[in-house]
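J.: I need the structure of the sequence given here:
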Amino acid sequence: MTQIKYNRIYLKSRSLNSWYILLVLTLVSLSSCEKFLTEDLKGTFSTETYYQNENQALQGINGVYNAIAFTNPDNAMWVFGAVASDDAVKGGNPGDQAEISYIDDFTADANNGIIVNYWTFAYEAIARANNVIAMVPQVTMDETLKNRIIGEAKFIRGYSYFNLVNVFGKVPLKLLPQTSQETIHIPLSEVNVIYQQIEKDLTEAAATLPESYSSTDKGRVTKGAALGMLGKVCLYQEKWTDAINYFHQVENLGLYGLLDNYGDNFKLAFENSKESIFEIQHLAGQSPGQGNSMNQWFAPPGEGGYYFNAPTQSLADAFEKTSEEVYDPRIDASIGRDGQPWLNGDLFSAGWSPTGYLTKKHQQPLSEISSSLKGDGDLNYIYLRYADVLLMKAEAFAQSGSADSAKANLNKVRLRARNSYNGTPPADLLPEIETSDINLLKEAIRKERRVELAQEFHRFFDLMRWGKAIAEPALGPDFSYEANRYFPLPQAEIDANQAIP
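T.: Prediction:
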């Protein structure tokens, strides 16, 4: 198996008179999985003495990728996307990570640690991306590679702002290295202005990113990822025709498709597959660590896990079953339930979780990651899958009144799920959706998104964009759409940023 050597750095911004980039430069080996790595701290460099050559430009963009990984426990997208929704509760010991409970029940305030830490996490990625976007153009190097690196940084900046605007609403739109008072103290931008910048970043990224990479660089963002994100961004703004156009462009690349078996999407052997459009890379056994910490956060206590993000009965009930109690195969690929096969060849016990269920995605069997190293998982996180694109396209068609096109895309996803059944599926398992009633189709698509993307951290944001009439019944009496649509800005940012009134 060919061994590949790759370098990565951390870029950390500091709001001081002089700004520093923290370098991590340990040479490491990478197997044919081709994942990005980080390296040991060697020293500090100012932006004036860094970004002098092609190698440093590559190290800079690798540091941007590092800033969005789930290695850092402050990456709380699972808290906002799943626990805040009707799909999961905090889980874990009752007193452990209590601040997650306040997000779960919508009582979190501006001093909530999860909120403060996620804000810092997201803006760190943006700061690193801004440094690359500002500094790499001056580097003497291959122009095609230069433009690609800048495109990668713009994609990650757009992705980071997309998450921020959906968690917090209005946020400061910081687009330059924070080297002066003017670039540090930025006022809040309106949501529509932030979306305009996200679209601009993603459009420019799509123009420069390649459709695919060699094995050496597999896992970097592609043209398809930028087009897919553009479609998603337009869908969130109810720009149905634009969304459909971008999703068509993704499909026309001819690179993506559904895996034969649904559950393979969440296995190490199928990382960066044809179904994966944007996948955040992880790699175990590195120093500093580059593994996926969710492997421990979601695991049962008997495997050295913390059993957080516990699925709800409501989520389990959302999966269809036949008259003979044969379940949609996606349920046992997504969550552990009593008496069903778990990851290690044993049977899941409801006693492992306060809800009777645990998240199965984002975890690896002990044969891959031992219990003593549980927090250093190898498994990547797929943010955007081809199945998601099909369902978003189905939704955009339904919203446009095109029932046949909506059904065609919806049923592709259902058929793959049906065919994932081990054996000959019963005739009444996941039948095609046949209705042409637009309102019934919209409801069917919403239901399909919930089970197809279960515990992939999209549910809360789907509920929010679907509006008050959908969100409030789903989230119950503790939730008010007007009051809880967005989470509060961190008090630390309000105190430090002089441009926020």
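
J.: what about T144, which SS state?
T.: Under DSSP: H, G, I helix; E, B strand; the rest coil, the three-state class of T144 is helix.

J.: State the distance from it to S214.
T.: As judged by C-beta to C-beta, to the nearest Å, T144 and S214 stand 14 Å apart. C-beta coordinates here come from the backbone N, C-alpha and C atoms, glycine included.

J.: can you check A496 too?
T.: Counting by C-beta to C-beta, the gap from A496 to S214 is 43 Å.

J.: When these two are compared, which one has more neighbours?
T.: For A496 versus S214, the count of surrounding residues by other C-beta atoms under 10 Å is larger for A496: 12 against 8.

J.: Which pLDDT value does the model give that one?
T.: As summarised for this prediction, A496 has a pLDDT of 96.

J.: what's the nearest residue to the most centrally placed residue in the chain if we skip its chain neighbours?
T.: Nearest to the mean C-alpha position of the chain, by C-alpha atoms, centre = their mean, lies Y383 at 3.7 Å. Computed as C-beta to C-beta, 6 or more residues apart in numbering, the closest residue to Y383 that is not its neighbour in sequence is F278, at 4.8 Å.

J.: circling back: secondary structure element for the residue nearest to the centre of the chain?
T.: Element membership for Y383 (DSSP states H and E) is strand 381-385.

J.: tell me the SS of V233?
T.: V233 - assigned by three-state DSSP - is helix.

J.: could you list every residue that touches it?
T.: 158, 162, 195, 198-199, 202 (C-beta atoms under 8 Å, 6 or more residues apart in numbering).

J.: and which of those is nearest to F479?
T.: F162 (22.5 Å; C-beta to C-beta).

J.: from memory that closest one sits against Q197, does it?
T.: No - at 10.1 Å, F162 does not count as touching Q197 under the criterion of C-beta atoms under 8 Å.

J.: ok, these two, which is more surrounded?
T.: Shown here are F162 and Q197; by other C-beta under 10 Å, F162 has more neighbours (21 against 16).

J.: Now for the more buried one: which residues touch it?
T.: Counted by C-beta under 8 Å, 6+ apart, F162 has contacts 198, 229, 232-233.

J.: Throw these into JSON lines and include distance to S85 and pLDDT, thanks.
T.: Formatted as JSON lines, the contacts of F162 follow (distance: C-beta to C-beta, whole Å; pLDDT from 0 to 100):
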{"residue": "I198", "distance to S85": "22", "pLDDT": "98"}
{"residue": "M229", "distance to S85": "21", "pLDDT": "98"}
{"residue": "K232", "distance to S85": "17", "pLDDT": "98"}
{"residue": "V233", "distance to S85": "20", "pLDDT": "98"}
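
J.: The residues you listed: which two are farthest apart?
T.: I198 and K232 (10.0 Å).

J.: distance between the ends of stretch 73-83?
T.: 15 Å (C-alpha to C-alpha, to the nearest Å).

J.: Ok, stretch 476-490 next?
T.: 25 Å.

J.: And the closest residue to M77 other than its chain neighbours, what's its pLDDT?
T.: Nearest residue to M77 in three dimensions, chain neighbours excluded: F457, at 4.9 Å (C-beta to C-beta, 6+ apart). For F457, the pLDDT comes out at 98.

J.: Kindly report the same for Y10.
T.: 33.

J.: try the one 5 residues further on
T.: Per-residue pLDDT puts S15 at 35.

J.: where in the protein is pLDDT low?
T.: Filtered on pLDDT under 70, the chain yields the residue ranges 1-48.

J.: ok so, going back, thinking the residue nearest to M77 is in contact with W78, fair?
T.: Yes - using C-beta under 8 Å, F457 is in contact with W78, at 5.3 Å.

J.: OK, contacts around the residue nearest to Y383?
T.: Taking C-beta under 8 Å, 6+ apart as the test, what F278 contacts is 159, 221, 225, 228-229, 382-384.

J.: This protein: strands as residue ranges?
T.: Secondary structure of the chain (DSSP state E): strands at 4-6, 20-24, 28-30, 41-46, 88-91, 171-172, 188-189, 276-280, 308-311, 335-336, 358-359, 381-385.

J.: Spatially nearest residue to M294, not counting backbone neighbours?
T.: Using C-beta to C-beta, 6+ apart and skipping the chain neighbours, the partner closest in space to M294 is H362 (4.3 Å).

J.: Relative to V389, how far out is that neighbour?
T.: 21 Å.

J.: Same check on N245?
T.: Spatial separation of N245 from V389 under the definition C-beta to C-beta is 13 Å.

J.: Same question for V326.
T.: Relative to V389, and taking C-beta to C-beta, V326 is found at 28 Å.

J.: more crowded one of these two?
T.: Between V326 and V389, counting by other C-beta under 10 Å, V389 is the more crowded of the two (25 against 16).

J.: Settle this for me: that one is touching V250, isn't it.
T.: Yes - here V389 reaches V250: they are 5.8 Å apart, a contact under C-beta under 8 Å.

J.: what is in contact with these two at once?
T.: Contacts common to V389 and V250, judged by C-beta under 8 Å, 6+ apart, are 228, 231, 256, 277.

J.: now these as CSV including neighbour count?
T.: Converted to CSV, the shared contacts of V389 and V250 look like this (neighbours: other C-beta atoms under 10 Å):
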residue, neighbour count
G228, 29
G231, 27
Y256, 19
I277, 25
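
J.: what would these look like in JSON lines with distance to F121?
T.: Shown next, in JSON lines, are the shared contacts of V389 and V250 (distance: C-beta to C-beta, whole Å):
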{"residue": "G228", "distance to F121": "23"}
{"residue": "G231", "distance to F121": "26"}
{"residue": "Y256", "distance to F121": "29"}
{"residue": "I277", "distance to F121": "23"}
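
J.: ok, which stretches of the stretch 151-300 of the chain are helices?
T.: Secondary structure of the stretch 151-300 of the chain (DSSP state H, counting those that start in this stretch): helices at 181-184, 191-208, 223-236, 240-252, 294-297.

J.: okay, these in JSON lines with distance to R418 next?
T.: Formatted as JSON lines, the helices of the stretch 151-300 of the chain follow (distance: least, C-beta to C-beta, whole Å):
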{"stretch": "helix 181-184", "distance to R418": "53"}
{"stretch": "helix 191-208", "distance to R418": "34"}
{"stretch": "helix 223-236", "distance to R418": "25"}
{"stretch": "helix 240-252", "distance to R418": "21"}
{"stretch": "helix 294-297", "distance to R418": "28"}
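
J.: which stretch among those comes nearest A98?
T.: Closest to A98 of these is helix 294-297 (C-beta to C-beta; 15.2 Å).

J.: Export the closest one to PDB, keeping only CA atoms.
T.: The C-alpha coordinates for helix 294-297 follow below in PDB (Å, rounded to 0.1, in the frame of the first residue of the first chain):
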ATOM      1  CA  MET A 294     -17.800  11.800  18.300                       C
ATOM      2  CA  ASN A 295     -16.700   8.200  18.300                       C
ATOM      3  CA  GLN A 296     -16.400   8.600  22.100                       C
ATOM      4  CA  TRP A 297     -19.100  11.200  22.800                       C
END
